[in-house]
Every structure is written in structure tokens, then in C-alpha cells.
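S.K.: sequence plus predicted model, see below.
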Amino acid sequence: TKPPIRVAVTGAAGNIGYALLFRIASGEMLGKDQPVILQLLEIPTEGAQKALKGVAMELEDCAFPLLQDMVLTDDANVAFKDVNWALLVGSKPRGPGMERADLLKDNGKIFIAQGKAIDAVAADNARIAVVGNPCNTNVMIAANQAKRLPRNRFTAMVRLDENRGRAQLAKKAGVSINEVSELFIYGNHSPTMFADFTHAKIGGKAVTDVITDRAWLENEYLPTVGKRGAAIIDARGQSSAASAANALIDHVRDLATPGAVHSVAVDSEGRYGFAEGVWAGMPVRSTADGYEVITSYEMDDFAKSKIKITNDELVGERETVKDMLG
Ligand code: NAX
């Protein structure tokens, strides 16, 4: 049998954690023949630690053959020790009357500490995926703490947006989801994101040739995808959890599958007109030990104008946390 892969999950007792851990332990993320060790981090409060124990009891009760061990802790240096994957789901939610800038700064502190701990104790091949919002800025803050691990190991999740975008196109065209390809998310995981329908395909044909109602694409499709998170909260009274966990499974599995093509928020390095040093969603192709960004899509003026809006937002977030980028 293969040696186990160590996976750290933060915020493990939260909503997404509850929808995520069982799927990791059952082999859906890293393979049905791949043993895993889960290293679960929660905040030190009695409530969170007790809830975490409860989740661990349920994981035990599933008797997953691939789940070799579990570590439960409130110490980041324990949670990230020797991990191959660090899934940063936990973050501080926005409280009533809280300004966005305060949220950015409060979370910034968490991601400075976690970035430091990961760089100090994780395995040499560690890869990091950030889900906790604002995820693009949080991952930038964590990556800026890294001295040992390369910046391109740090990614944030825009896969839920890609999945939402593909589903909406399939529904409108009345085709199966498998017919939709090359739909990539550019920019921030926020309503400003650009779900690039201009290069997406349905059954191998340009989306714009299959769905000829351009006004629908621009004025209904894009806002529907961008505001889907809010629509879920409105309907369910709670934010997306199962679909977010599912997207994280997709994000990690595809990063671990050479040749897979998918949307990932990465260090932009100035690609597609994004500012240098911000983390922006864009298409990548996974390789044996990482990924390469696909840079070949030519953006028209409409696409460029959308990318500018989401880039401006990312630059604004970076400005708010500039003192935290050490
Ligand atoms: P919950 O509030 O249910 O769970 C978060 C958990 O994180 C809590 O149990 C909390 O105790 C823990 N936590 C907080 N600070 C921590 C820290 N410093 N270290 C370890 N654990 C910590 O939220 P949930 O619904 O699970 O969502 C988690 C995060 O995902 C939120 O920030 C949310 O905004 C974000 N999302 C991101 C998405 C994306 O596509 N990138 C989509 C879904 C989701 O909204």
C-alpha cells in the first residue's frame, strides 16, 4: 500500500468541514487507494474543540479503510506538521455592522500566523488551498510569509464559481454538464469575478453561437453566477457548504491530476492584465508536480473591461492589508 498523505483542514468543525472531511476520508479527493491522515485545526474555545471531537467520532464511526489517523488540535504548528496538503477553510465571518476592511485585517492576522506555521513545519512538497474568505487576499497574505515554500504552491479556490458557471450554461442550453468546456473564472472570488463565457464551449461550439442571446449572457448569466453565494444564503439561511466542499474536492483532485484543466486562483505574475502580486482566478493545466497557467486566451474589449473591474477590487483589498504583507 501507498504511504499516507497528510491533509490539514482548518475550520474543521464548521459547515464546510462537515461536508468535506468524510469525502476526503473516503478517497474521493486523493484516490480510492490512497491512505490519508487528517490533521484538524480549530480555534481553542471549548465549544469548537468539543464540536471537533464530535466530527472525529463520526469519522471513526464510518470505519473508512483509508483513514489511517487523525490529529485534533488548536495549535497550527501541530496541525501543519509534515502535511502534504493544507486546506485553509477556517476564517472569521463578518459580524453585524463590521466593515469589510476590518474583516480583511482580522482574517489577515489568521493567515499571517498560518502562513508562518506552514512554512516552518509542513512537508517540502506541501501545497496550500485557501477557501476561507476573502480567499484571494488571505492566500496572498499567507504566501507572503513563506520563505521556504515557493509562492506557486499557494492557491485559492474559485472552483465553486466555475462549477456554478458550467451548471448555469448547461441548464440554459438544455444539455448535460459534460457538454460545457473551457469555462474559466478570472479574478476575485466575489461578485466581481468574470466567468468567461466568451471562450467557453458547449458541445465543442462557442457558447455565443449556441446561446445567441448576448444580453442574457452579459446581464443575467454573469450576475447569477457572481451572486450565487448570496442567493444560497437567502434560500437556505446558511452559506454554501456541500457545494463548497465539493468544489474543494475538485480543486485538489484536479491539481493532483496531471493534464487536468481548471480554474484556480494563483499568483497572477501580471498575466491577463492582473496586477503583479495579487492572486487571481485563471485557467491552469496541472502537471506532475504543480501546474502551468494557460495564457493563450485572447481577451476582447468586453472581457478586458470585466477583468479590469475584478482586478481593481483585488488591488483595493491588497491596499487595505498592505501592512500585513511583510
Ligand atoms: P463556519 O463558520 O461554519 O466554519 C468556520 C470554522 O472555522 C468555524 O468552526 C471556526 O471556529 C473555524 N475557525 C475560525 N478561525 C479559525 C482559525 N484561525 N483557525 C482554525 N479554525 C478557525 O464557516 P463555513 O461555512 O465552513 O465557511 C468557511 C469559510 O469558507 C468562510 O470564510 C466562507 O466565507 C468561505 N467560503 C468560501 C467559498 C469559496 O468559494 N472560496 C465558498 C463557500 C464559503 O462561503
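M.R.: That came through fine. Numbering: from 1, shown residues only.
S.K.: ok, whichever residue of the chain sits closest to the ligand - how many residues close by?
M.R.: At 2.0 Å from the ligand, Gly14 is the closest residue in the chain, using CB to the nearest ligand atom. C-betas here are computed from N, CA, C, even on glycine. Gly14 has 22 neighbours, counted by other CB atoms under 10 Å.
S.K.: which parts of the stretch 51-200 of the chain are strands?
M.R.: 67-73, 85-88, 127-130, 154-156, 180-181, 185-186, 194-195 (DSSP state E, counting those that start in this stretch).
S.K.: for those, which one sits closest to Arg164?
M.R.: strand 194-195 (8.0 Å; CB to CB).
S.K.: interface residues of the protein facing the ligand?
M.R.: 10-11, 13-17, 41-43, 48, 89-93, 110, 131-133, 135, 157, 160, 189, 229, 239-241, 244 (CB under 6 Å from any ligand atom).
S.K.: which of those are buried?
M.R.: Neighbour-count burial (16 or more other CB atoms under 10 Å) applied to the residues of the chain next to the ligand gives 10-11, 13-17, 41-42, 48, 89-92, 110, 131-133, 135, 157, 160, 189, 229, 240-241, 244.
S.K.: next up, the contacts around Val293.
M.R.: 266, 269, 271, 282-284 (CB atoms under 8 Å, 6 or more residues apart in numbering).
S.K.: now those residues in a markdown table, with pLDDT?
M.R.: Below are the contacts of Val293 laid out as a markdown table (pLDDT from 0 to 100):
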| residue | pLDDT |
| --- | --- |
| Val266 | 98 |
| Glu269 | 98 |
| Arg271 | 98 |
| Met282 | 99 |
| Pro283 | 98 |
| Val284 | 98 |
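S.K.: out of these, what pair is the most spread apart?
M.R.: The span of those, defined through CB to CB, is set by Glu269 and Pro283 at 14.1 Å.
S.K.: those two: who's more crowded?
M.R.: Neighbour totals were compared for Glu269 and Pro283, and Pro283 leads with 25 against 15 (other CB under 10 Å).
S.K.: SS state for the more buried one?
M.R.: Following DSSP: H, G, I helix; E, B strand; the rest coil, Pro283 is assigned to strand.
S.K.: check whether it really touches Val261, as I assumed.
M.R.: Yes: counting by CB atoms under 8 Å, Val261 is a contact partner of Pro283 at 6.4 Å.
S.K.: check which helix or strand covers Glu292.
M.R.: Secondary structure assignment for Glu292, by DSSP states H and E: strand 291-293.
S.K.: okay, now the sheet partners of that strand, with direction.
M.R.: strand 279-286 (antiparallel) (DSSP bridges).
S.K.: which parts of the strand it pairs with are buried?
M.R.: For strand 279-286, the buried set under the neighbour-count rule, 16+ other CB under 10 Å, comprises 279-284, 286.
S.K.: before we move on, back to that, looking at the strands of the stretch 51-200 of the chain, which is closest to Arg166?
M.R.: strand 180-181 (4.5 Å).
S.K.: packing partners for the closest one?
M.R.: Counting by 3 or more CB pairs under 8 Å, 6 or more residues apart in numbering; DSSP states H and E, the packing neighbours recorded for strand 180-181 are helix 159-173, strand 201-202.
S.K.: out of the ones you listed, nearest to Pro35?
M.R.: helix 159-173 (24.6 Å).
S.K.: now that closest one: average pLDDT?
M.R.: Averaging pLDDT along helix 159-173 gives 98.
S.K.: that one to strand 279-286, inter-axis angle?
M.R.: Counting by axes from the mean of the first three to the mean of the last three CA atoms, to 10 degrees, helix 159-173 lies at 80 degrees to strand 279-286.
S.K.: how about helix 159-173: buried residues?
M.R.: Per 16+ other CB under 10 Å, helix 159-173 contains these buried residues: 159-170, 172-173.
S.K.: dump it to PDB, restricted to CA.
M.R.: Extracted in PDB, the C-alpha atoms of helix 159-173 (Å, rounded to 0.1, in the frame of the first residue of the first chain):
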ATOM      1  CA  ARG A 159     -13.800  26.200  -8.500                       C
ATOM      2  CA  LEU A 160     -17.200  26.600  -6.900                       C
ATOM      3  CA  ASP A 161     -17.700  29.600  -9.200                       C
ATOM      4  CA  GLU A 162     -16.500  27.500 -12.200                       C
ATOM      5  CA  ASN A 163     -18.900  24.700 -11.300                       C
ATOM      6  CA  ARG A 164     -21.800  27.200 -10.800                       C
ATOM      7  CA  GLY A 165     -21.000  28.800 -14.200                       C
ATOM      8  CA  ARG A 166     -20.900  25.500 -16.000                       C
ATOM      9  CA  ALA A 167     -24.100  24.400 -14.500                       C
ATOM     10  CA  GLN A 168     -25.900  27.600 -15.500                       C
ATOM     11  CA  LEU A 169     -24.700  27.300 -19.100                       C
ATOM     12  CA  ALA A 170     -25.800  23.600 -19.300                       C
ATOM     13  CA  LYS A 171     -29.200  24.500 -17.900                       C
ATOM     14  CA  LYS A 172     -29.800  27.400 -20.300                       C
ATOM     15  CA  ALA A 173     -28.700  25.300 -23.300                       C
END
